[in-house]
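Trainee: no sequence on this one, just coordinates:
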């Protein structure tokens, strides 16, 4: 995972073509980059993000910014009810309760996937 100016990218290696190619993952707009060497990969990523930002300025458009902090989740009504009740029992808003649970799940997932060398 690469990060630059709040933008994150996944990178893959194409063994057949002998190139690294990446894509910014936290936008709806498409920003891609590639390089035939590891040393050039970061520069290509940063150049692609900078080009995107400059392109937006040239068109007098606001660049899409990574994530607003809001998203819609569709769940079964019974689960919605259970979550609401648990949030009330904890004396928390539904948003606070869900945010806490999601943060805990992400933290636990990262701990499980951590590799010790």
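Mentor: Yep, it's here. Everything numeric here is computed off the predicted structure, so don't read it as measured data. Residues are numbered from 1 along each chain as shown.
Trainee: Do a quick rundown of the helices in this protein.
Mentor: 38-58, 77-89, 94-113 (DSSP state H).
Trainee: For the residue nearest the centre of the chain, which residues are in contact?
Mentor: With distances taken as C-alpha atoms, centre = their mean, the chain has residue 26 as the residue nearest its mean C-alpha position (4.2 Å). Residues in contact with residue 26 (C-beta atoms under 8 Å, 6 or more residues apart in numbering) are 7-8, 66-67. All C-beta atoms are positioned from the backbone trio N, CA, C, and that covers glycine.
Trainee: got the angle for the helix or strand bottoming out on mean pLDDT in the chain vs helix 77-89?
Mentor: Of all helical and strand segments in the chain, the minimum by mean pLDDT, DSSP states H and E falls on helix 94-113, at a mean of 90. Per axes from the mean of the first three to the mean of the last three C-alpha atoms, to 10 degrees, the angle that helix 94-113 makes with helix 77-89 is 100 degrees.
Trainee: Report all helices and strands that helix 94-113 contacts.
Mentor: Judged by 3 or more C-beta pairs under 8 Å, 6 or more residues apart in numbering; DSSP states H and E, the packing partners of helix 94-113 are helix 77-89.
Trainee: In the helix it packs on, which residues are buried?
Mentor: Burial within helix 77-89, assessed by neighbour count using 16 or more other C-beta atoms under 10 Å, is assigned to residue 87.
Trainee: Go ahead and name everything in contact with that helix.
Mentor: Contacts of helix 77-89 (C-beta under 8 Å, 6+ apart): 75, 93-94, 96-98.
Trainee: a markdown table for those, including distance to residue 13?
Mentor: Output for these, formatted as a markdown table (distance: C-beta to C-beta, whole Å):
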| residue | distance to residue 13 |
| --- | --- |
| 75 | 38 |
| 93 | 45 |
| 94 | 43 |
| 96 | 42 |
| 97 | 41 |
| 98 | 37 |
